[in-house]
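Student: Here is my input, please return the structure:
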Amino acid sequence: MIHNGDDIGITEAMADIPETQTVLILHAAKQPYETAEGYQVPEIQDEHEVLVKTEHIGLNPIDWKAPDFNFAIPCLPYISGRELVGRVVRRRPSSHSRLRDGDRVLVISTDYRDLRKAAYQQYVVTADFNAARIPASVSPRAAATLGVAFVAAVLSLGVCMGVDFSGVPGAPPGPDLLTLLRGVAVDPESLPRDIRDECLAGIRDRERAVAGDWVVVWGGSSTSANIAVQLARLAGLRVVTVVDKLRHGLRLSNHSVLRPDLLVDSHDPSRAVDIIRANVGKNLRFALDTSGRESAGWLLRALRPEQDAAGAPPSPPETPRTTSPTLKHLIGLTGLPKEQAPDGVAYHTVPIKVFHEVPAVGEALVAWLEKLLESGLITPPELLGVEQGFDGINRGLDRMRRGEIRGGRMVVSLDPAGEGARAEVTRDASVPPALVDSPMAGGGGGGVEEPQQSESSVASSPEFTSQKLADTGSRRGSATLWQGGPAVSSVPRSVPDGQLASEGEVAQGSPRRGSLWQPKPEGIAVETSLS
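Tutor: This next block holds a predicted model:
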């Protein structure tokens, strides 16, 4: 049983909660975040909520892409941040939560409209069903990289593909999300309309993925792909990973946790599709894209090779079926093909908001995450860099802008005891350093390569997906194949939908100095949307 609230100093920290705090504010698009003092500490509003003192913040690509490209910003000024690790310092006396004062927890903030829950502040409110306790065996900084990616991966596999995690051999019982969502425990009317169909009718029971089924994951170096591969292997699925082998091939092919059954280079997408067809063929029913609309289109071709094979002779008529044919399923974390889903293929968008909108789902996910961490059956992404203090957030985001953080994650520590955190930067000891850390990885100029929208941005704001980000960028790598084994009132606390910024509007800023946009005195002007 996880309980870690008996450390020295916890009582003093809980007894000294100030009325105001330091936060990191975004005042306008195309500007850096700025530190601000004197903002009120958010208040808990019901028995499910707890107050957490922030220790470590996980940085997500959307944290720099949102201000740079002016999307997923529901209001200004805005507090960002999707995941953090900290200590529970306050809860309602009448609360029956499994969380206790002093527990160290991973807070997963997919409810990005409620600024009380944003990570870029000293104190954060979270629902107890959106926070997972961290066992002593797991580094708090490493845990801060895990949250949104875990939610996206579990929902992709468990809802869109129908994987039942409740009876995985050798693993603690996990959720059977389809049974949960379609059973008496969840009122269908409680599901938001934009995700209701996906949750209730996205996949038929007889089409659910089971052990031995193949799944292709395109963009296998991303954090959500990392966790999805781990969970797919845990459930007995066979995994094809499509990735830039120049950067990540050796690392993944030797990785004790992430090594797929088939590793395919993404440098030549057409060739990648041919390799998938030749090795998996008609046995492929599931594909998960974490890169963007273009790569999702290539996955669509891989799912229906009989329709695209050049020069293939016509097939004889099939024997009449007594039941409808089994569909193939394409899940897009950052976008789906522009064309309508063809016959025999179903498109899926991951219903991220079910995590915070349906307590039973959120509770099932975080409870299972606690067990997986305690048993060592899930490994956090590699920690590639640690910065200190709120000022370190801008430094860390700059490194991400320059493309320096690939195949792992970046964390900022607010813990005064964390000055030696750089020594905690992690890698699998059996894996050579990723090519991204070598001089040749930066493309020479340190510019932003592959400015595609990350999986975490969709995980935290699916309705703000910017296809333009996902569809741009260049790919590079070899064309080889590896096969192997397994102020108090100035920041709104809750934002109504009507105040959301338009995705098509782009805020105008002055030219860059270094990598940060500088503010213009006249504020934000609207210009033509990005092409």
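Student: isn't Glu198 right next to Tyr347, touching?
Tutor: No: contact criterion Cβ atoms under 8 Å: Glu198 and Tyr347 do not qualify, at 9.8 Å. (C-beta placed from N, C-alpha, C; glycine too.)
Student: mind checking pLDDT for Pro320?
Tutor: pLDDT, Pro320: 50.
Student: repeat for the one 3 residues further on
Tutor: Here the pLDDT value assigned to Thr323 is 52.
Student: Where does Ile331 sit: helix, strand or coil?
Tutor: Classification of Ile331 using DSSP: H, G, I helix; E, B strand; the rest coil returns strand.
Student: Look up the residues forming beta bridges with it.
Tutor: Note on Ile331: beta-bridge partners Leu288, His348, judged by DSSP bridges.
Student: thinking again about what came up before, neighbour-wise, which of Glu198 and Tyr347 wins?
Tutor: Neighbour count, other Cβ atoms under 10 Å: between Glu198 and Tyr347, Glu198 has more, with 21 against 18.
Student: Now do the contacts for the more buried one.
Tutor: 159-160, 348-351 (Cβ atoms under 8 Å, 6 or more residues apart in numbering).
Student: And Glu339, by the same measure?
Tutor: When contacts are counted by Cβ under 8 Å, 6+ apart, Glu339 touches 297, 300.
Student: That one belongs to a helix?
Tutor: No: using three-state DSSP, the secondary structure at Glu339 is coil, not a helix.
Student: how far away is it from Asp187?
Tutor: 35 Å (Cβ to Cβ, to the nearest Å).
Student: Same check on Gly332?
Tutor: 28 Å.
Student: Same question for Phe390.
Tutor: Distance of Phe390 to Asp187, given as Cβ to Cβ: 41 Å.
Student: More neighbours: which of these two?
Tutor: Comparing Phe390 with Asp187 by other Cβ under 10 Å, the one with more neighbours is Phe390, at 21 against 8.
Student: thought the more buried one was touching Leu24?
Tutor: Yes: with contact defined as Cβ under 8 Å, Phe390 counts as touching Leu24 (5.0 Å).
Student: Overlap in contacts, the two.
Tutor: Counting by Cβ under 8 Å, 6+ apart, the shared contacts of Phe390 and Leu24 are 35, 120.
Student: count of neighbours near the nearest residue to Ala287 once chain neighbours are set aside?
Tutor: Spatial nearest neighbour of Ala287, excluding adjacent residues (Cβ to Cβ, 6 or more residues apart in numbering): Leu299 at 4.1 Å. For Leu299, the neighbour count with other Cβ under 10 Å is 28.
Student: for the one 3 residues further on, same thing?
Tutor: Other residues lying near Ala302 total 26 when counted by other Cβ under 10 Å.
Student: Now for it, which secondary structure element holds it?
Tutor: For Ala302, the host element (DSSP states H and E) is helix 293-303.
Student: Contacts for that helix, please.
Tutor: Helix 293-303 is contacted from outside by 216, 218-219, 242, 266, 269-270, 272-273, 276-277, 284-285, 287, 289, 308, 328, 330, 332, 334-339, 342, 345, 467, 470-471, using Cβ under 8 Å, 6+ apart.
Student: ok, now how distant is Cys199 from Leu191?
Tutor: Noted for Cys199: a distance of 6 Å to Leu191, by Cβ to Cβ.
Student: Now do the shared contacts for those two.
Tutor: By Cβ under 8 Å, 6+ apart, Cys199 and Leu191 have these common neighbours: 181, 354.
Student: Low-confidence ranges, the stretch 351-500 of the chain, go.
Tutor: Where the stretch 351-500 of the chain drops to pLDDT under 70, the residues are 417-500.
Student: can you do 90?
Tutor: Applying pLDDT under 90 to the stretch 351-500 of the chain flags residues 403-408, 415-500.
Student: Could you list every helix and strand that the longest strand anywhere in the chain packs against?
Tutor: Longest strand of the chain, by residue count under DSSP state E: strand 49-59. If contacts are counted by 3 or more Cβ pairs under 8 Å, 6 or more residues apart in numbering; DSSP states H and E, strand 49-59 sits against strand 83-91, strand 104-108, strand 123-127, helix 140-143, helix 391-401, strand 409-413.
Student: Quick one: end-to-end length of stretch 36-49, please.
Tutor: 25 Å (Cα to Cα, to the nearest Å).
Student: what do you get for stretch 122-140?
Tutor: Stretch 122-140 end-to-end distance (Cα to Cα) = 16 Å.
Student: Name the residues of it that are buried.
Tutor: Neighbour-count burial for stretch 122-140 flags 122-135, 138-140 (criterion: 16 or more other Cβ atoms under 10 Å).
Student: Kindly report the same for stretch 33-44.
Tutor: Under the neighbour-count criterion of 16+ other Cβ under 10 Å, stretch 33-44 has 33, 36, 39-42, 44 buried.
Student: List of residues touching it?
Tutor: With contact meaning Cβ under 8 Å, 6+ apart, stretch 33-44 is reached by 17-27, 50-51, 67, 80, 90-92, 115-116, 120-125, 390-391, 393-394, 397, 487-491, 493.
Student: quick one: average confidence on the helix holding Ala302?
Tutor: Predicted confidence along helix 293-303 averages 96 (mean pLDDT).
Student: Where do the domain boundaries of the chain fall?
Tutor: Here the domain parsing of the chain from automatic domain parsing is 10-145+383-425, 150-309+325-352.
Student: how long is the last one end to end?
Tutor: Which is domain 150-309+325-352. In domain 150-309+325-352, first residue to last residue: 11 Å (Cα to Cα).
Student: Model confidence for the closest residue to Asn394 other than its chain neighbours, exactly?
Tutor: Distances taken as Cβ to Cβ, 6+ apart place Pro32 nearest to Asn394, at 5.2 Å, with adjacent residues excluded. For Pro32, the pLDDT comes out at 95.
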